[in-house]
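Participant: Mind looking at a prediction? Sequence and model below.
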Amino acid sequence: MKIFIDTANLNEIKEANDMGLLDGVTTNPSLVAKEGYKDFKDLLTKICSIVKGDVSAEVLSTDCDGIVKEARELVKIADNIVIKVPLIKEGLKAVKILSSENIKTNVTLCFSPSQAVLAAKAGAYIISPFVGRLDDISYNGMELIDKITRIYSIYGFTTQVLVASVRHPMHFVEACEMGADICTMPFKVINQLVKHPLTDIGLENFLKDWNKLQNS
Ligand code: E4P
């Protein structure tokens with residue numbers, strides 16, 4: 001299970017990377033806008049200097065030619081850039097072309113198993129089903145991950161399943177149980193994975209007992 005951080009905040013990326021468990025980064029136009037960055041290429045250069053694993057950079061074009069043109073420019077930034085392409089017809093056409101040029105793609109905004117199959121057939125390197133946004137509309141997002149992982153294994157698709165739109169630690173745990181390849185999470189959720197109240201209480205008591213012994 002690879003752990004990615006879902007943010008465009010450089011401090012969060014540095015801190016998660018320092019924990020020694022970061023395998024990659026996903027960004028999207030909304031996350032970049034939240035940080036107020038206008039120079040996207042400069043931001044990506046900085047992210048790629050911190051993280052060695054895959055860094056997803058999303059295109060803004062919605063037509064095949066535009067997506068391919070943007071992708072060819074973005075991959076010049078660093079070797080670990082993966083092009084995030086929306087799951088629309090024009091996006092799938094572009095994924096086919098980009099994969100024939102060995103440009104890695106992360107097909108984003110996936111909400112159904114049929115979309116995931118098409119992305120794999122087009123040659124996607126990563127598929128990003130959004131679980132939290134499905135939960136938001138009363139559909140069990142993790143059921144989608146279960147279906148995609150099962151279908152991909154039946155056909156031997158090599159496209160990696162990246163669980164996106166993660167809102168809490170149970171999304172991560174279920175993703176692990178289902179054998180998803182990657183889970184991208186906000187910094188807050190990565191921190192939540194570490195914490196357990198019994199760990200904190202246990203540690204506090206160990207230290208208290210040790211100090212009592214020293215002072216006896
Ligand atoms: C994935 O790559 C997306 O950036 C992300 O997970 C979207 O999450 P949200 O639904 O919390 O915006």
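Facilitator: Perfect, I can see it now.
Participant: Show me where the protein has its helices.
Facilitator: If DSSP state H is used as the criterion, the helices of the chain fall at 10-18, 29-35, 40-50, 64-74, 89-100, 113-122, 131-136, 141-155, 169-177, 187-194, 197-214.
Participant: buried sites along the third one?
Facilitator: Within helix 40-50, the residues that qualify as buried are F40, L43, L44, I47, C48, counting by 16 or more other CB atoms under 10 Å. (Glycine included, C-beta is placed from N, CA and C.)
Participant: okay, those in a markdown table with pLDDT next?
Facilitator: As requested, the buried residues of helix 40-50 are exported to a markdown table (pLDDT from 0 to 100):
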| residue | pLDDT |
| --- | --- |
| F40 | 95 |
| L43 | 97 |
| L44 | 97 |
| I47 | 98 |
| C48 | 98 |
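Participant: Which positions in this structure make contact with the ligand?
Facilitator: Residues of the chain lying close to the ligand by CB under 6 Å from any ligand atom are D6, T26, N28, T108, S128, F130, G132, R133, A164, S165, T184.
Participant: Which ones among those residues lie within strands?
Facilitator: D6, T26, T108, S128, T184 (DSSP state E).
Participant: Among the helices of the chain, which comes closest to E58?
Facilitator: helix 29-35 (5.9 Å; CB to CB).
Participant: Give the other helices and strands that the closest one contacts.
Facilitator: Packing partners of helix 29-35 (3 or more CB pairs under 8 Å, 6 or more residues apart in numbering; DSSP states H and E): helix 40-50.
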